[in-house]
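A.B. asks: Need a 3D model of the sequence below.
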Amino acid sequence: MRTLLATVLLALVFVSTVNAKALTFGEAVDAKDTMKISALLASPQNYVDKKVTVAGTIVGVCQKRGCWMNLASDARFEKLRIKVRDGDMVFPMSAKGRQALATGYLKEIKLNLEQTQRYKASLAKRAGKTFDLASVTSGMSLYQVSPTGVKILD
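C.D. replies: All right, here's what the predicted structure looks like:
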């Protein structure tokens, strides 16, 4: 009986995985003009406030409200945040590991010196590394896409 139950549960998991379907949010995604995230982040100033379409594997999703997701770049250890206002689109946690396309506007977030120090200290802490605040001497910018449309592929 236990073996039968385990087999049925495994079959249900398999069927739900196989039948995963594409999810769309907002407007249609402009898939024909997709650019590499690495190209976008190599010269972000050229794209600030311009409409772009990027593609990547979803490597993180906001656990509280589903208001952002991170897409892995084609370059190692690089990612791009796709961020909406809370409630505009709600990205499901189950999307992690799936491919996605996002069309929207690249936004620049300028951090002053103190904000940059806190941000870099937080990154170091998460990585288990030591960090010297004095090593940061100027502010920095972060970039994210404010999407008009997102398609999470099956």
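A.B. asks: which regions of this protein sit below the pLDDT cut-off?
C.D. replies: Within the chain, the stretches falling below the threshold (pLDDT under 70) are 1-20.
A.B. asks: how about the strands in it?
C.D. replies: Here the chain has its strands, by DSSP state E, at 23-26, 34-35, 51-61, 68-72, 79-83, 99-111, 140-152.
A.B. asks: Give me the contacts around the third one.
C.D. replies: Looking back up the chat, that one is strand 51-61. The contact list for strand 51-61 (CB atoms under 8 Å, 6 or more residues apart in numbering) reads 29-31, 33-37, 40, 68-74, 79-80, 91-93, 95-106, 145, 148, 152. Every C-beta, even on glycine, is put in place using the N, C-alpha and C of the backbone.
A.B. asks: Can you give me the neighbour number for Ser141?
C.D. replies: Number of residues near Ser141 (other CB atoms under 10 Å) recorded here: 13.
A.B. asks: I'd say it and Glu108 touch.
C.D. replies: Yes: A contact is recorded between Ser141 and Glu108 when judged using CB atoms under 8 Å, the distance being 5.1 Å.
A.B. asks: Now the common contact residues for those two.
C.D. replies: Taking CB under 8 Å, 6+ apart as the contact rule, Ser141 and Glu108 both touch Pro44.
A.B. asks: so how far is Ala39 from Ala31?
C.D. replies: Between Ala31 and Ala39 the distance is 16 Å, computed by CB to CB, to the nearest Å.
A.B. asks: Which one of the two is surrounded by more residues?
C.D. replies: When neighbours are counted by other CB under 10 Å, Ala39 comes out ahead of the other of Ala31 and Ala39, with 16 against 11.
A.B. asks: Relative to Gly97, how far out is that one?
C.D. replies: Noted for Ala39: a distance of 24 Å to Gly97, by CB to CB.
A.B. asks: now swap in Lys50 and tell me
C.D. replies: Distance from Lys50 to Gly97, counting by CB to CB: 29 Å.
A.B. asks: center of this structure - which residue?
C.D. replies: By CA atoms, centre = their mean, the chain has its centre lying nearest to Asn70, at 1.4 Å.
A.B. asks: which residue packs closest to that residue, ignoring adjacent ones?
C.D. replies: Gly60 (3.9 Å; CB to CB, 6 or more residues apart in numbering).
A.B. asks: Around the one you found, how many other residues sit close by?
C.D. replies: The criterion is other CB under 10 Å. On that basis, Gly60 has 15 neighbouring residues.
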